[in-house]
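Peer 1: Sequence and predicted structure below; questions after.
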Amino acid sequence: MPEVRLEKLTKQYGKTTALKDLSLTIKDGEYFALIGPIGSGKTTTLMLLAGLTEPDEGEIYFNGKSMKEVPPEDRGVGFVFETFALFPHMSVWDNISYGPRVKGEKQGSTNKVAEEMLQMVLLEDRPDALPDELSGGMKQRVALARALTSGSTILLLDEPLAALDAKIRTALAHDLRRIVKELRLTAIHVTNSVEEAMLIADRIAILHAGVLEQAGTPRELYEIPKSVFVMDFMGDANLFNGAVVRAGEGDVEVRTQEGFVFRSSRGGLKEGSKVGVVVRAEDADILENDSSEPQNRLKGIVKEKMFLLGSMKYLIELENGREMVVEIPSMASRKAWEAGDSVTLAFPKDKVFTFPLEESQ
Amino acid sequence: MPEVALVDVTKRFDTVTAIDKVSFSVKDGEYFAFLGPSGCGKTTTLRIIAGLAEPDKGKVYIDGKDVSRVAPEDRGIGLVFQHFELFPFMTVFENVAYGLSIKGLREEEIEKNVYQALEITGLTEAEEKYPRELGAPELQRCSIARALASGSKLLLFDEPLGALDSKTREHFRFTLRSIVKGRGLTAIHVTHDQEEAMAIADRIAVFRSGRILQVGAPLELYEHPETIFVANFVGETNFLEGVIEKAGKITLVRLRGDFLVRCSESRLDSGDRTIVAIRRENMYLRTVKDEAMNSLPGRIVRAAFLGKLVRYRVELNNGDFIEIKTTSRTAELLEEGHSAYSMFPADKALVYKYPDDIRQELALK
Amino acid sequence: MSLLVRLEKKLSAKRWRTTGDMLSLLFFFVFIIAPPLSIFLTVFRNWGGIYQTVFADPFFSEIGRGALRWDMIQTSLLRSFEVAGIVAIIDVIIGLPMALILARYDFRGKRLVDTLVDLPLAVPTAALGFSIYLFWGTMDGVSGLLGLKSGLFSRGPFLIILTHVAFSYPYIVRSLKEIIASVDRNIEHAARTLGASSFTVFRTITAPLIKNGIIAGSILSFTRSLGETGATIIVAGAFYTSPLLVVEYRQLLLIQPAAFLSMILILISVFLLACLRFSAERFGLPIKGYWPRAERLFSGKIQRRFRDLTTSTLFALLVFIPSCFIFTYLLRWWSGSPYTGNIQLGAFYQVFLAPDSKWPDLWSSITTSFQVAFLATAINIVAGLSMAFILSRRNLGRIRGLLDALVDIPLTIPTSALGFSFFLFWGPTGLNVLTPGFWLVILVHIGFTYPYVVRPLIAVVQRLDLHKEEVARTLGASSVTVFRTVILPSMKQDLLAAGIMSFTRSLGETGATVVVMGLSRTVPVLIVQWVESQALPAAAFACIILISISLVLLFILRYLLGWK
């Protein structure tokens, strides 16, 4: 339910800055994902939201109310940990009903809510089992039921699917979203996997070394990345350094250090400025025959090919030794190339991204 | 002459049978993968090939010689583990030189071999460094260099990419394969990640509960999985229950909710219960029915934009749930809540006999 | 292949390994286990005489005419148990909060506190006892500050309890700290987010999970207190515990009652060891009820500060200050009595200038201590490493548990009883190979430092990464070559650490040495002598020498372990 607002949160551990000036608003009832490489501050953010640690600067508001002096037990957040953190000496039932019991709620109403949660996560038939008798997927569901039973309206999830097998992950991801939406909770889900975040969330925020890089819907982050980092993080990117040689209306022409020429319809840069040119592996096309336009065409030799589900990945060695990875969906092209084949790569100009060079490293 | 062959190898630990009558052969120069869930016996098989475990029954042949009782130090293999296992008190050079120094070669010989291995793995700059100064990808390269330098022609990899982060892992697949193919070595690569096995190997053996279910090239496993387990474990598949209406070159199957679909050839009889399996990439959504294809009406429950592809979760009108993967290049994103037809061609629909224990078959263990 | 490598390949054959194992086990049984166990045989064989002297012959004592030695023995056992029980309880009460602080919180100066908590480990027990006696029991200590003319406590049970608490404090804090640290913090975090205040979390989540650790820790404290001899000799006065009684009987050459009492003590220790192994699950803690409002009163920042303050004060008062008090004492008494100025009462005079040649005695005892410690340690490293491999790697089935338990026997048996059993086994009444003296002392020290070497080595061997050895094998190295080139180099620090532990323990050992030494003395024994002859400043000097050496060694140990 509540809207969650983070204002200029800063947190340091000794000499390391875990978070710097993080400001973010998560809407009421939104499923929000927090992604970024290891050490980017995602878990720290969750710990601050839960009140398990205090920020050095900044404040947190739930529905406009400041959480400054509010201890964890009074914040009404449910937390699902990566390692599930089930109480090993308590049964499934005792784990799930811990929240209401410890708050002194009456036995009767506790039982009712716990029963409901047990059913919602499909574990009615094993209330007396101990955590070490359960599989990973089951433990995850107990952890979820436990967090929900305590009546929380905000759900914090720290890599909840990381410890599970890849295949179970997608099924559970759907279930998680469904439950959160049904119960109208606000969920903040931390994950390392871009795919998982895009699958499950309404909006995503990318953190990098404690700083917010960009926040938006999955589509926005993918199609309108604001920096090389975001672009590379959201997909497979190939980066070239170069300079703008010609800026027209709309289009720019860039020449890279290696001598390649790219035309991009994402203009807005001045002639002579240094830029990084980024093209995604999955935006490439391999042409059957040589075509006229010299822009956005790269010639090379296939070094390795890899079979993926629904597509083929090729490692191409371009002229002057530069290597590039491209991915061609199987549906788009019938032909499969072999190591040693000469190929011409093509990129549509609206898929050529340019960024000012300070950011490009 | 095959480089490696196992004949009817069985291994038990106390009361548990880890592998049961496993037989296969790996060709000279092949990049071979063992694929399966954890605890399926793939690592045990690898250790038996390495000589770190003895088979209770059956034989192991390397280059035609029976090595079942030969000690590991005499088998001429190179081993690379998930956690690198470099000797922490030795430099990169000393680590790579270890195998050679045991053999008592002259210093110049050792140096020559070590430098060659370092060059192949791109580690010439790191020669004087200690393992604690290196990052995960470099540690793995050093591990590989050490195995290469000892001169072995057979490399055994036990989850070699498991300790790397996902971006590095993808890149390393190319590296591993180039090194092996570039030197004409034979490699056996154990992994539980089916995407990894499919991308990197010439042929794959799929393990389950101590047995090999199927051996084949990635494309073969993808297009012709022999069992439901393989169809489920390798790649992403939708499974639909039904009954055979008419068997033949094109099999007619009546699914739940009275949908009639045309599937590929099967050897079952009319009236048999069946499971129809279609790869998620082989299905697509349209708002209009297409008479030439199988079209199942349903409603889109979730549409997720994943960058290079779109994932749909669809509730068919008969109550079954399926998932569809489409490249975002070719189609517009359809919206949640809308009705749509899920389509697939007959030749991509595989027909299997309905198993006694469907949950067991679909389990991923 | 070089000659060495070829030889190693030959030695890697199975039959050589079996021979090696057999030798290690033989060493273990003959040199470590047989002496304590032989007591039972001795008692059985001499039952007649034992019965006579213990149960039948009356003798003169302060208990009164016509008392039996059996009565004395019973009294001593009762007292030992009472003292041990009180010590175990106090240890848990003051040790648990400290363990919590060290395991869960980060603060400036944490490393310092951590080191200080370990301080009593560096102080040999005799010196510790002496320091505590000086602090609480003479007018130079606490009573001096309060303006009293004599010590606050006289020698006796109270001082014994204080001494035992001080010297077992580091052990209990360390083991509790490890147990607490092994509880996943996220579990406690989860409980907080579910609505539990921090005290409730401790009671319902943390405590049940560390329950076994607490029980094990208190059994260990109990056992140590039961068996402590060295420090107790100094602070006991007329009060006697069972280990002290063994020493007295031995000095009075009453072999039979000594053997009998030793046997009883060994039996009790083995029983306690068995209890430790089958950790008691029976003790429950109140975790079922929930009193949210009441428990909130115990939670919160202010309450936590209060708890931390009390813990630190108790630590300082009961453990830290008494342990180092001896330094202050020596400074004051160095050149003479601080009260009368009499030079002859000063430490400097007593040790270097007095006619009874204390310094030469001290010097020779230092050499003796070092020789004994070095030999015992060196032999145990070799034998212990082999045993560690046997226990960690060989497939032994059920026997493994038993063998593992047997290793701890010298640790749990009171040192005087242990020493006495060695005396009986190797001496004139047994195999008649040795008489009390230097070599018997070495054998005793081998016996009692063995567990100090084997235990950490077992932990190290278990942590060894088999994968590294497997890779080395596939690269062409035979098992023995792998041991030399891969395993040993990776264990260097741990071997050194285990060696230092054993060396330090041996330096400080008093109880067993007193029983088996002939004319040669180790430093702790010398200290006891000087205390008994009231040459307190000289004794203080000897203590400082011993403590300084131990401190240096333990700092090296911490450095080595910290380096990991």
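Peer 2: Done, it's in. Numbers count the residues shown, from 1 in each chain, chains lettered A, B, ... in the order given.

Peer 1: secondary structure element for the one residue in chain B that gets nearest to chain C?
Peer 2: Distances between chain B and chain C by CB to the nearest CB are smallest at residue B:99, namely 3.5 Å. Any C-beta I mention is one placed from the backbone N, CA and C, and that applies to glycine too. Assigned by DSSP states H and E, residue B:99 falls within helix B:92-103.

Peer 1: Return the distance of that helix from the chain's centre.
Peer 2: Here helix B:92-103 is found 32 Å from its chain centre; the criterion is CA atoms, centre = their mean, to the nearest Å.

Peer 1: Over to stretch A:40-54?
Peer 2: 17 Å.

Peer 1: on that earlier part again, residues in contact with the residue of chain B closest to chain C?
Peer 2: Residues counted as contacts of residue B:99 (CB atoms under 8 Å, 6 or more residues apart in numbering or on different chains) are B:146, B:149, B:150, B:151, C:475, C:476.

Peer 1: surely residue B:96 meets residue B:114?
Peer 2: Yes - between residue B:96 and residue B:114 there is a contact under CB atoms under 8 Å: 4.9 Å.

Peer 1: where do the contact lists of those two overlap?
Peer 2: B:145, B:149.

Peer 1: Same drill for the two, tell me which one is more crowded.
Peer 2: residue B:96 (30 against 25; other CB atoms under 10 Å in any protein chain shown).

Peer 1: mean confidence for stretch B:235-247?
Peer 2: Averaging pLDDT along stretch B:235-247 yields 92.

Peer 1: what does stretch C:335-352 give?
Peer 2: Mean predicted lDDT for stretch C:335-352 stands at 83.

Peer 1: Give the burial count for residue B:34, as a bare number.
Peer 2: Neighbour tally, residue B:34, other CB under 10 Å: 27.

Peer 1: do the same with the one 4 residues further on
Peer 2: By other CB under 10 Å, 11 other residues sit near residue B:38.

Peer 1: What are the phi and psi values at it?
Peer 2: Backbone dihedrals for residue B:38, given as degrees, to the nearest 10, come out at phi -70, psi 140.

Peer 1: nearest residue to residue 257 other than its sequence neighbours?
Peer 2: Here I'm looking at chain A. Excluding the flanking residues, the one nearest residue A:257 by CB to CB, 6 or more residues apart in numbering or on different chains is residue A:241, at 5.2 Å.

Peer 1: that answer is for a different chain, and I need it for chain B
Peer 2: Nearest non-adjacent residue to residue B:257 (CB to CB, 6+ apart): residue B:318, at 2.5 Å.

Peer 1: The one you found touches residue B:259, doesn't it?
Peer 2: Yes - Residue B:318 lies in contact with residue B:259 (CB under 8 Å); the separation is 6.3 Å.

Peer 1: between these two, what contacts are shared?
Peer 2: residue B:296.

Peer 1: residue ranges with poor pLDDT in the chain?
Peer 2: No chain specified, so I'll use chain A. Within chain A, the segments meeting pLDDT under 70 span A:1, A:267-268, A:288-295, A:331-334, A:358-361.

Peer 1: Switch to chain C, please.
Peer 2: C:59-67, C:279-290, C:562-564.

Peer 1: how near is the spatially most central residue of it to residue B:194?
Peer 2: With distances taken as CA atoms, centre = their mean, the residue of chain C nearest its centroid is residue C:224 (6.8 Å). According to CB to CB, to the nearest Å, residue C:224 and residue B:194 sit 56 Å apart.

Peer 1: same question, residue C:205
Peer 2: In terms of CB to CB, residue C:205 sits 39 Å off from residue B:194.

Peer 1: what do you get for residue B:312?
Peer 2: Distance from residue B:312 to residue B:194, by CB to CB: 22 Å.

Peer 1: ok, now residue C:197?
Peer 2: For residue C:197, the distance to residue B:194 - CB to CB - is 48 Å.

Peer 1: can you give me the helices in chain A?
Peer 2: A:42-50, A:92-102, A:107-120, A:136-149, A:166-182, A:194-200, A:218-223, A:228-234, A:357-360 (DSSP state H).

Peer 1: between these, which one is nearest to residue B:49?
Peer 2: helix A:166-182 (26.5 Å; CB to CB).

Peer 1: close to chain B, is that closest one?
Peer 2: Yes - counting by CB under 8 Å from any CB of the partner chain, contacts between helix A:166-182 and chain B involve A:166, A:167, A:168, A:170, A:174, A:177.

Peer 1: Quick one: residues contacting the first one.
Peer 2: Spelled out, that is residue A:166. Counting by CB under 8 Å, 6+ apart, residue A:166 makes contact with residue B:193.

Peer 1: Could you check how far the strand or helix carrying residue C:425 is from the centre of its chain?
Peer 2: Using DSSP H and E, the element containing residue C:425 is helix C:415-426. Chain-centre distance of helix C:415-426: 17 Å, with CA atoms, centre = their mean.

Peer 1: Could you point out the helix or strand that follows that helix?
Peer 2: helix C:438-463.

Peer 1: So what's the residue count around the residue nearest to residue C:138 when sequence neighbours are not counted?
Peer 2: Distance criterion CB to CB, 6+ apart; nearest residue to residue C:138, sequence neighbours excluded, is residue C:151 at 4.7 Å. Here the number of neighbours of residue C:151 (other CB under 10 Å) works out to 20.

Peer 1: which residues sit in contact with the residue nearest in space to the middle of chain B?
Peer 2: Taking CA atoms, centre = their mean, the centroid of chain B lies closest to residue B:197, which sits 3.2 Å from it. The contact partners of residue B:197, by CB under 8 Å, 6+ apart, come to B:33, B:35, B:189, B:191, B:204, B:218.

Peer 1: repeat that for 10 Å
Peer 2: A:307, B:32-36, B:173, B:189-191, B:203-206, B:218, B:221, B:234 (CB atoms under 10 Å, 6 or more residues apart in numbering or on different chains).

Peer 1: Report whether the longest helix seen in chain B contacts chain A.
Peer 2: Assignment by DSSP H gives helix B:166-183 as the longest helix of chain B. Yes - with CB under 10 Å from any CB of the partner chain as the measure, helix B:166-183 is seen reaching chain A through B:166, B:167, B:170, B:171, B:173, B:174, B:175, B:177, B:178, B:181.

Peer 1: Could you give the number of residues near the first one?
Peer 2: Applying other CB under 10 Å, we find 12 other residues in the vicinity of residue B:166.

Peer 1: Kindly report the same for residue B:82.
Peer 2: 19.

Peer 1: Figure out the helix or strand that it lives in.
Peer 2: Assigning secondary structure by DSSP H and E places residue B:82 outside every helix and strand.

Peer 1: shouldn't it be in contact with residue C:471?
Peer 2: No - look at residue B:82 against residue C:471 with CB atoms under 10 Å: they stay out of range, at 12.0 Å.

Peer 1: residues shared between the contacts of those two?
Peer 2: residue B:143.

Peer 1: one step back: assess the claim that the residue nearest to residue A:257 and residue A:274 are in contact.
Peer 2: Yes - the criterion here is CB under 10 Å, and residue A:241 meets it with residue A:274 at 7.5 Å.

Peer 1: Name the residue of chain C that lies nearest to chain B.
Peer 2: Closest point on chain C to chain B, by CB to the nearest CB, is residue C:475, at 3.5 Å.

Peer 1: List the contacts of residue 21.
Peer 2: Reading this off chain A. Contacts of residue A:21 (CB under 10 Å, 6+ apart): A:7, A:8, A:9, A:10, A:57, A:58, A:210, A:211, A:212.

Peer 1: hm, I was asking about chain B
Peer 2: By CB under 10 Å, 6+ apart, residue B:21 lies in contact with B:6, B:7, B:8, B:9, B:10, B:57, B:58, B:210, B:211, B:212.
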